[in-house]
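Student: sequence below, structure please.
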Amino acid sequence: MQRFLLIETSTAVCSVSLSEDTGIIARRQSAEPRVHASMLAVFIDEILRECGLQINDCAAVAVSGGPGSYTGLRVGVSTAKGLCFGASIPLIHVSSLELIAQLYVEQAPLRDLYRIFPMIDARRMEVYTAPFSATGSGTGMTVQRTGADSAVTVTEDSFLRELDSGLVVFTGDGAEKCRNVISHPNARFVPLESHADGMAKAAAKAYAEKDFRDVAYYTPFYLKEFRITPPKTDAAGG
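Tutor: Have a look, this model is predicted:
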């Protein structure tokens, strides 16, 4: 039996879960705005205390490594790296999009729709997304990536090739804003909050395959460069 600390901070939701193999035994979550930096360490401490464990009782720490919120990813990854360095345990990367797709196949009612585009809100009408398919059945159902991550500005013509081929699920916190733009009859929208629970199977698989990241050099996958918007000034230049 292996325990994994799972950290997800790539969206507006800050969440931490503890898994044994692929089963979740404890979790914490907050959807309050901008609490990642203040609540992440609190959640980790609460979960470990609740289970009577220390961090070195975990086989590894898994972190959602992007794409997603620049600030959220920085907070999650720096915390995960610090824990791994201090406890001398491995660091595991899990795609922020993969964990949303996994949550969908585990929780959503439309399990027969195996073409899945998890979406993370990237502001305005842009989303981070990637195509996934589902394999297996029942509690053993997992997701498999079928294409690369991309930043997409959603229009009525987005994803036409996929939609013309059959039913497609759009899920995650970026899906809802696409509902009124993509009107194709084969589109299904299932808004879903990201949560660290969706990392359990990917973390266990990566650990079994010894797919670990270098604690010293690992950085999040931002997908897009971070841009600082200059403050507006009045007409007088003040």
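Student: which neighbouring elements make contact with the lowest-mean-pLDDT helix or strand in the chain?
Tutor: Sorting the helices and strands of the chain by mean pLDDT, DSSP states H and E puts strand 132-135 at the bottom, at a mean of 89. Under the contact criterion of 3 or more CB pairs under 8 Å, 6 or more residues apart in numbering; DSSP states H and E, strand 132-135 touches helix 96-107, strand 115-121, strand 142-145. All C-beta spots, glycine's among them, are computed from the backbone N, C-alpha and C.
Student: next, the buried residues of it.
Tutor: 132, 134 (16 or more other CB atoms under 10 Å).
Student: and it, which strands flank it?
Tutor: strand 115-121 (antiparallel), strand 142-145 (antiparallel) (DSSP bridges).
Student: right, and the helices and strands packed on strand 132-135 - which one's nearest Asp211?
Tutor: Closest to Asp211 of the helices and strands packed on strand 132-135 is helix 96-107 (CB to CB; 13.0 Å).
Student: what is the mean pLDDT for the closest one?
Tutor: On average, the pLDDT along helix 96-107 is 94.
Student: which other residues reach it?
Tutor: 8, 10-11, 64-68, 73, 111, 116, 118-120, 128-130, 132, 134, 141-143, 145, 149, 169, 171-172, 190, 192, 194-199, 201-202 (CB atoms under 8 Å, 6 or more residues apart in numbering).
Student: do the same with stretch 65-81
Tutor: Under the criterion CB under 8 Å, 6+ apart, residues 7-12, 14, 34, 36-37, 40-41, 44, 61-64, 91, 93-97, 120, 122, 128, 149, 151, 215, 218-224, 226 lie in contact with stretch 65-81.
Student: looking at that stretch now, give me its mean pLDDT.
Tutor: Stretch 65-81 comes out at a mean pLDDT of 96.
Student: can you point out the buried residues in it?
Tutor: Neighbour counts using 16+ other CB under 10 Å place 65-70, 72-77, 79-81 of stretch 65-81 among the buried residues.
Student: hang on, Gly86 in a helix?
Tutor: Yes - judged by DSSP: H, G, I helix; E, B strand; the rest coil, Gly86 forms part of a helix.
Student: quick check: closest non-adjacent residue to it.
Tutor: Ile55 (7.2 Å; CB to CB, 6 or more residues apart in numbering).
Student: burial count for the nearest residue to Glu50 once chain neighbours are set aside?
Tutor: What sits nearest to Glu50 in space, not counting adjacent residues and going by CB to CB, 6+ apart, is Ala26, at 5.4 Å. A total of 18 residues lie near Ala26 under the criterion other CB atoms under 10 Å.
Student: doesn't Ala26 belong to a helix?
Tutor: No - using three-state DSSP, the assignment for Ala26 is strand, not a helix.
Student: got a list of what it touches?
Tutor: With contact taken as CB under 8 Å, 6+ apart, Ala26 is in contact with 17-18, 47, 50-51.
Student: and Ala41, by the same measure?
Tutor: The neighbours of Ala41, taking CB under 8 Å, 6+ apart as the test, are Thr79.
Student: roughly how far apart are the spatially most central residue of the chain and Leu167?
Tutor: Nearest residue to the geometric centre of the chain (CA atoms, centre = their mean): Ser96, 2.6 Å. Distance, Ser96 to Leu167, using CB to CB, to the nearest Å: 24 Å.
Student: and for Ser150?
Tutor: Distance, Ser150 to Leu167, using CB to CB: 21 Å.
Student: and these two? Which one has more around it.
Tutor: Ranked by neighbour count (other CB under 10 Å), Ser150 and Leu167 place Leu167 first, with 16 against 12.
Student: circling back: show me the contacts of Ala26 that map onto strands.
Tutor: Using DSSP state E, 17-18 are the members of the contacts of Ala26 that sit in strands.
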